[in-house]
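**Student:** let's see this in three dimensions:
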Amino acid sequence: MKALQGVEGELEWAQRPAPECGEGEVRIRVAAAGLNRADLLQRAGHYPPPAGVTDILGLECAGVVIEAGAGSRWQVGDRVCTLLAGGGMAEEVVVDARHALPVPAGLSLREAAVIPEVYATAWLNLYRLGALQPGEKVLLHAGASGVGSAAIQLCKAFDNPCWVSVGSAERLAYCEALGAQGGVLRGEALEALRDFAPFDLILDPVGAKYAALNLQLLGLDARWVMIGLMGGRKAELDLAGLLAKRIQLIGSTLRSRDADYKAGLLAEMEENVWPMFAEGKLSPRLEQCFPIGDAEAAFAALASNTVSGKLALVIDADLQ
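**Tutor:** Down below sits the predicted model:
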């Protein structure tokens, strides 16, 4: 099979051995794969896959089951999307059958390909780790990103008013159209977030650059969930603020979670989140598709920080 890998910072669509499909696994003919910031980092050599995981890029994809191992609930021909630790940007992928979910009614395979990673990240950090309750207020940094787009929609669906920080007026309008109450532009009016504080939860992919302000914006018994370090890894904080407000600072990564944890998370999502796609309450927010031959252009588009929502790489154009 052919697969996409990052070799010394360059993308290479090359032949790789097809993995074996064992008990409790399924083989998927990939229609499309979602592109995430983690793929940019891995391609640059900054985010290697966990031990034992393929170095093929791609943390999510969708396609059609072409082989089902014993103990799987899936059958050949089923349309599925799946959460991965790697390997999605390939003609075929073999996955733990528990990590695949049915393509929601009304969605194409390309749309389904961009759901698993960002919605799993948002659900995990807002509702499982962040323990959001109805009515609690949320601040989402990088609100127009793939994870931000999913988080805004989940917040609206579960009655959690949210605000965002974004990079442009156009992206702020995009977030408000999705359901955000409002927000600010980073670099221009970040301090204006005080007008909307205190927040019960901040979902933070930025890290050091926003750390001191986050501490000021959080309320009593609030949760600060850190999922990225785009703004640096070292910050100086007055930890007395954490104590005085009883703030929980939670570091979170999804990719390195074990198979059982991911299976439980996805089962929760299938029950609580998946029906909302068919109901029209949630959307993939797929902004653009690129053929696999234009992978460089897709990676450049995501790296430009001008994309609102998600990008997909089309692996097999015959699968819709």
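**Student:** now do the contacts for P205.
**Tutor:** By CB atoms under 8 Å, 6 or more residues apart in numbering, the contact set of P205 is H141, A142, S145, V147, M226, I227, G228, L229, M230. The way it works is simple: take the backbone N, C-alpha and C, and place the C-beta from them, glycine included.
**Student:** counting by contacts, list what the longest helix along the chain packs against.
**Tutor:** The longest helix of the chain (DSSP state H) is helix 259-272. For helix 259-272, the packing partners by 3 or more CB pairs under 8 Å, 6 or more residues apart in numbering; DSSP states H and E come out as strand 92-96, strand 100-102, helix 116-123.
**Student:** what's in contact with the longest one?
**Tutor:** The set of residues that contact helix 116-123 without belonging to it, under CB under 8 Å, 6+ apart, is 34, 36, 59-60, 81-84, 101, 146-147, 149-151, 154, 203, 227, 254, 262, 265-266, 268-269, 272-273, 282, 310.
**Student:** kindly recompute the last result at 6 Å.
**Tutor:** 34, 36, 59-60, 81, 83, 146-147, 150-151, 154, 254, 269 (CB atoms under 6 Å, 6 or more residues apart in numbering).
**Student:** measure how buried P198 is and give me the count.
**Tutor:** Applying other CB atoms under 10 Å, we find 14 residues neighbouring P198.
**Student:** now tell me which helix or strand of the chain has the poorest mean pLDDT.
**Tutor:** strand 2-7 (a mean of 91; mean pLDDT, DSSP states H and E).
**Student:** right, and the helix or strand after that one?
**Tutor:** Following strand 2-7 in sequence order, the next helix or strand is strand 10-15 (DSSP states H and E).
**Student:** buried ones in that next one?
**Tutor:** L11 (16 or more other CB atoms under 10 Å).
**Student:** now do the helix or strand following it: which elements does it pack against?
**Tutor:** Toward the C-terminus, strand 10-15 is succeeded by strand 25-35 as the next helix or strand (DSSP H and E). Packing partners of strand 25-35 (3 or more CB pairs under 6 Å, 6 or more residues apart in numbering; DSSP states H and E): strand 60-68, strand 92-96, helix 109-113, strand 310-314.
**Student:** go again with 8 Å.
**Tutor:** strand 60-68, strand 79-83, strand 92-96, helix 109-113, helix 116-123, helix 295-303, strand 310-314.
**Student:** which one of those lies closest to G45?
**Tutor:** For the helices and strands packed on strand 25-35, the distance to G45 is smallest for helix 295-303, at 13.8 Å, taking CB to CB.
**Student:** buried residues in that closest one?
**Tutor:** A295, A298, F299, A301, L302.
**Student:** same deal with stretch 137-157?
**Tutor:** Residues of stretch 137-157 classed as buried by neighbour count (16+ other CB under 10 Å): 137-156.
**Student:** now the end-to-end length of that stretch.
**Tutor:** Distance across stretch 137-157, first residue to last, is 13 Å (CA to CA, to the nearest Å).
**Student:** now it, how far from the chain's geometric center?
**Tutor:** How far stretch 137-157 lies from its chain's middle: 11 Å, per CA atoms, centre = their mean, to the nearest Å.
**Student:** now do it, average pLDDT.
**Tutor:** The average pLDDT within stretch 137-157 is 97.
**Student:** do stretch 165-172 as well
**Tutor:** Average pLDDT, stretch 165-172: 94.
**Student:** got it, and stretch 99-118?
**Tutor:** Stretch 99-118 comes out with an average pLDDT of 97.
**Student:** list just the nearest of the buried residues of helix 295-303 to Q248.
**Tutor:** Scanning these for proximity to Q248, where the rule is CB to CB, the winner is L302, at 30.9 Å.
**Student:** cool, thanks, signing off.
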